[in-house]
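>>> sequence first, then the predicted structure:
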Amino acid sequence: MAKSDQDVGLTEAKFVPPTTNDAPVSSKALEAVNGSGTAEKLRYPWYIIFILGNEFCERFSYYGMKAVLTIYFLEVLLWSPNTTTLVYHSFTVLAYFTPIFGAMLADGFLGKFNTIFLLSIVYVSGLVLLTLAAIPPLNLDLVTGTACGLLLIALGTGGIKPVVPAYGGDQFRPGQEKQRGQFFSIFYFSINAGSLISTFVTPILRSDVPCFGAEGCYPLAFGLPAGLLAISVLAFLAGRPFYRNLPSKENVIAKVFGCTFGALYRKIRKTGPADAKHWLDNADPKKYSPTFVKDVKQLVPVLAMFLPLPMFWALFDQQGSRWTLQATRMDGRVTDSYYWKPDQVQIFNPVLILALIPVFEGIVFPTLDRFNIPFKELARMVTGMILAGVAFVISGIVQMQLDGTLPAPVVVQTAELRVYNTAPCSLGVAMQNVYANRTEMTEADRQSLNFAVNSYDEIVYLGDNFSVPNHWRYIKFTVSPNGTCGSITRPTDIFVNVTEAKVHSLVLGQGIGGLTQRHLILDEKVKPKEGKTQARFVLPFSFNTSSGGGEITLINRDVAVGKKGHVYTAMLDRSNTLFNFGSPISNSTKDMDQGKYEVYYPDENSPSGKRRVGGLLELPNGGVYTVLLKESDSEKGYWIRYDIVSASSLSVFWQLPQYFVITVGEVLFSVSGLSFAYSQAPVSMKSVLQAGWLLTVAFGNVIVLIISGAELVSDQATEFFLFAGLIGAFAVLFAVMCHYYVYVDNTPKAEDEKEKSDSDTDSAL
């Protein structure tokens, strides 16, 4: 996302220099400014670097932490996608409600420096608590630690959000407007640089850097932002002797609230002036001057225009929740050795926004002006809302295509049965119910199946063809050799308890005394998390080791030595298998990165203790596989792979069109919205409009909470289309409001002109 649009607020690049309570400027400096008309002779406040560094680190911390939050909820807290979405957006709501209190603290109580410093301490404390909760050896309560940490983070980041840019602007004196504009350009860059880098880095830390016995390191993904922010707070504190601290002014936000509610109260109680032409004229004249009331009157229509705007942010902020969840089920492969992580996809937005803003500001808008094509701020905002809806239509279409690649779940009262034959001959299988839910079936209710399964082959009965009407079935399998089959010389009965809604695999093999078998169960037929691959290795023979078992090694040469994903091992222990259903068949399940792997069997006769067998075992990402190992090479190789869940086939880069469209919408909506609000607000009301703008973001996330929490639709694609329809309706409403809005000219020249009559109906579009 364009971080500056929400984070810089109305101070961006158009900061109004202080006109009261300003520190004195030397007579020499004033003479330089008045005499030459330039501000270069005023000393540039070099110590502004402390404020810029603080902002870079704060945005790195916030967006770096937030980038991995969705995956953290899913992987560590084991929350459902809906719960993850609700908590994610609840955190965002709080982070965008608290700026009001931060601004009030800075303006009316603590001052800007103290507010930034104290709330930064709160902020760091939240990140530290989140980090400590993620460290397994500490055994802290995960949910409590995470919730408290996020609460402190929201208070900290929201509280300093409106104060830091204003404090930076305070460091420039009258006559330094050019330098102030340069500062906000650098401030804008710092925000986007921090968010861009962190969105790329922290997903790598949480997934690729091992710590505390895990493959990834969430403590580091949260700890790096915490440490960086702590350093930036110390640096910010180091600049204190140099900062220019202006005296706190009146709390404009609180004063506006008091004026409006007081006027309404006096109007309802009919205690205001009898000749009041406007409801705000009922404000207490002892507390509020006519000029202030006039400014509030001009403010109210602008705030009214904000009412439909939260719907845009309801869609926009789902990039970090629903769109990230969508990416977890897509193919993130860039090359055989590099995989684009689902929480890294969010980087598309800041990259695109940095590329598109110059294009629109330098080419598109000037071209429209050159040809006299009207495209005012409000018209741009309507277009931006429509484009956000288009982006969600695209995401809905992508979701429909993605749903077609996802495995159909095994529903209740059914099961999936897979029979594998690792014997050297074809086996005939006769299957018959014995019991179902402790009730012996009648002959009419019996479901019998007869089939043959060839050597190292698979027979599958999906849920539609394999019912479990009473939660479980106790089944007798009679297995007979089809011809000569080594030690398997006669029919053998096997009894298996099949429970509903699961994938049951029956592995048949040849043992010393005849037929052997192993019953394996997969609880859920779903894709592995993060687009990984899950392989279950089945060993139906003995390795050339004293125990007959051992550790197979898989090496991906496309990944550098020492890097995560280069080597995996799977222990296939046969020491206890003879006592487990009387079967020497062993198995081991491993979650791995996708890739093409060399396979090494343990071999005590080999100098290295292992020998490479066969070619490359390919394990595409997003799949769940059963890999049957073979003792010697044959026409089927040293192994054969069967897919329980197919690999992900839809590239994550199919999300790029929806990111592009919503980013174009953001350029038109957010940048134009800030420009509109700034141009229409009285000078005294800039901070109030900034607070109102941030509140549209908060209420947008409230909309997501309501719709997602209500679970109005059953599938994700339909929910995307629902949001697209809603913003379409809000765009129409906003367009109608724009048509009747009358632009106000706040230039000094316009202030001297006579106010326009109420009959002026010049369209804002």
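Sure, I can see it.
>>> hang on, D493 packs against K476?
Yes: counting by CB atoms under 8 Å, D493 sits close enough to K476 to count as a contact (5.8 Å). Glycine gets a C-beta too; all of them are placed from N, C-alpha and C.
>>> looking at the two, which is more packed in?
K476 (15 against 12; other CB atoms under 10 Å).
>>> that's a helix at that one, yeah?
No: K476 sits outside any helix when classified using DSSP: H, G, I helix; E, B strand; the rest coil, being strand.
>>> and T516, helix, strand or coil?
Secondary structure assignment for T516 (three-state DSSP): strand.
>>> where in the stretch 651-765 of the chain is pLDDT low?
Within the stretch 651-765 of the chain, the segments meeting pLDDT under 70 span 745-765.
>>> need the strands for it, in chain order.
For the stretch 651-765 of the chain, no strands are identified by DSSP state E, counting those that start in this stretch.
>>> least confident secondary structure element in the chain?
When each helix and strand of the chain is scored by mean pLDDT, DSSP states H and E, helix 27-36 comes last, with a mean of 40.
>>> need the helices for the stretch 251-400 of the chain, in chain order.
For the stretch 251-400 of the chain, the helices defined by DSSP state H, counting those that start in this stretch occupy 252-268, 290-305, 310-316, 322-327, 348-359, 365-370, 377-403.
>>> can you add mean pLDDT and give those helices back as a markdown table?
Formatted as a markdown table, the helices of the stretch 251-400 of the chain follow (pLDDT from 0 to 100):
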| stretch | mean pLDDT |
| --- | --- |
| helix 252-268 | 88 |
| helix 290-305 | 88 |
| helix 310-316 | 96 |
| helix 322-327 | 92 |
| helix 348-359 | 86 |
| helix 365-370 | 87 |
| helix 377-403 | 95 |
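>>> tell me the spacing between the residue sitting nearest the centre point of the chain and V68.
Central residue of the chain (CA atoms, centre = their mean): G320, 2.5 Å from the mean position. Taking CB to CB, to the nearest Å as the measure, G320 falls 10 Å from V68.
>>> next one: G725
From G725 across to V68, the span is 31 Å (CB to CB).
>>> likewise for C259?
The gap separating C259 from V68 is 44 Å, by CB to CB.
>>> between those two, who's got more neighbours?
Ranked by neighbour count (other CB under 10 Å), C259 and V68 place V68 first, with 27 against 21.
>>> tell me the contacts of the more buried one?
By CB atoms under 8 Å, 6 or more residues apart in numbering, the residues touching V68 are T202, P203, R206, Y218, A221, F222, D343.
>>> what ranges of the stretch 501-650 of the chain fall below the confidence cut-off?
Using pLDDT under 70, the flagged stretches of the stretch 501-650 of the chain are 530-531, 575-583, 633-636.
>>> would you map the strands across it?
Assigned by DSSP E, counting those that start in this stretch, the strands in the stretch 501-650 of the chain fall at 503-511, 514-522, 533-539, 550-555, 567-572, 586-592, 595-602, 610-619, 624-629, 639-645.
>>> can you add mean neighbour count and give these back as JSON lines?
Supplementary listing: the strands of the stretch 501-650 of the chain in JSON lines, determined by neighbours: other CB atoms under 10 Å:
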{"stretch": "strand 503-511", "mean neighbour count": "22"}
{"stretch": "strand 514-522", "mean neighbour count": "19"}
{"stretch": "strand 533-539", "mean neighbour count": "23"}
{"stretch": "strand 550-555", "mean neighbour count": "20"}
{"stretch": "strand 567-572", "mean neighbour count": "17"}
{"stretch": "strand 586-592", "mean neighbour count": "18"}
{"stretch": "strand 595-602", "mean neighbour count": "20"}
{"stretch": "strand 610-619", "mean neighbour count": "16"}
{"stretch": "strand 624-629", "mean neighbour count": "23"}
{"stretch": "strand 639-645", "mean neighbour count": "17"}
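>>> need the ones you listed in a markdown table with distance to F60, can you?
Output for these, formatted as a markdown table (distance: least, CB to CB, whole Å):
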| stretch | distance to F60 |
| --- | --- |
| strand 503-511 | 43 |
| strand 514-522 | 41 |
| strand 533-539 | 32 |
| strand 550-555 | 36 |
| strand 567-572 | 32 |
| strand 586-592 | 30 |
| strand 595-602 | 31 |
| strand 610-619 | 35 |
| strand 624-629 | 36 |
| strand 639-645 | 37 |
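>>> first to last residue in stretch 677-693, what's the distance?
Its first and final residues considered, stretch 677-693 spans 9 Å by CA to CA, to the nearest Å.
>>> check which residues of it are buried.
By 16 or more other CB atoms under 10 Å, the buried positions in stretch 677-693 come out as 677-678, 680-682, 684-693.
>>> what's the farthest-apart pair in the residues you listed?
Among the buried residues of stretch 677-693, the pair separated by the greatest distance (CB to CB) is S684 and W693, at 16.6 Å.
>>> number of residues surrounding the residue lying closest to P657 once chain neighbours are set aside?
Spatial nearest neighbour of P657, excluding adjacent residues (CB to CB, 6 or more residues apart in numbering): I394 at 5.4 Å. Counted with other CB under 10 Å, residues neighbouring I394 total 21.
>>> so who does I394 touch?
Shown in contact with I394 (CB under 8 Å, 6+ apart): P657, Q658, V661.
>>> with S61 instead?
If you count contacts by CB under 8 Å, 6+ apart, S61 has them with Y123, L127, S198, P225, A226, L228, L229.
>>> same question for K267.
Each residue near K267 by CB under 8 Å, 6+ apart is listed here: A276, W279, N282.
>>> against V410, how distant is it?
Look at K267 and V410: by CB to CB, they are 64 Å apart.
>>> kindly report the same for N372.
Counting by CB to CB - N372 and V410 are separated by 63 Å.
>>> give me the more crowded residue out of these two.
Between N372 and V410, counting by other CB under 10 Å, V410 is the more crowded of the two (21 against 6).
>>> wait, isn't that one in contact with V460?
No: contact criterion CB under 8 Å: V410 and V460 do not qualify, at 12.0 Å.
>>> overlap in contacts of the two?
With CB under 8 Å, 6+ apart as the test, V410 and V460 both reach E416.
>>> report the longest helix in this structure, please.
helix 177-208 (DSSP state H).
>>> if we go by neighbour counts, what in whichever helix or strand comes after that one is buried?
Per DSSP states H and E, the first helix or strand lying C-terminal to helix 177-208 is helix 218-238. Within helix 218-238, the residues scored as buried using 16+ other CB under 10 Å are 218-230, 232-233, 236.
>>> again, but for stretch 394-410
Quick answer for stretch 394-410 (16+ other CB under 10 Å): I394, S395, G396, I397, V398, Q399, L402, T405, L406, P407, V410.
>>> and if you look at stretch 360-375?
Neighbour-count burial for stretch 360-375 flags F360, F365 (criterion: 16+ other CB under 10 Å).
>>> can you show me the CA trace of stretch 606-616 as CSV?
Provided in CSV are the C-alpha atoms of stretch 606-616 (Å, rounded to 0.1, in the frame of the first residue of the first chain):
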residue,chain,number,x,y,z
SER,A,606,29.0,-47.7,1.5
PRO,A,607,32.0,-45.7,2.7
SER,A,608,29.8,-42.7,3.4
GLY,A,609,27.1,-44.9,5.0
LYS,A,610,24.6,-44.1,2.3
ARG,A,611,24.2,-44.5,-1.5
ARG,A,612,22.3,-42.5,-4.1
VAL,A,613,19.5,-44.3,-5.9
GLY,A,614,17.5,-43.4,-8.9
GLY,A,615,17.2,-40.1,-10.6
LEU,A,616,15.5,-37.0,-9.2
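>>> got a list of contacts for that stretch?
Here stretch 606-616 makes contact (CB under 8 Å, 6+ apart) with 553, 596-603, 633, 637-639.
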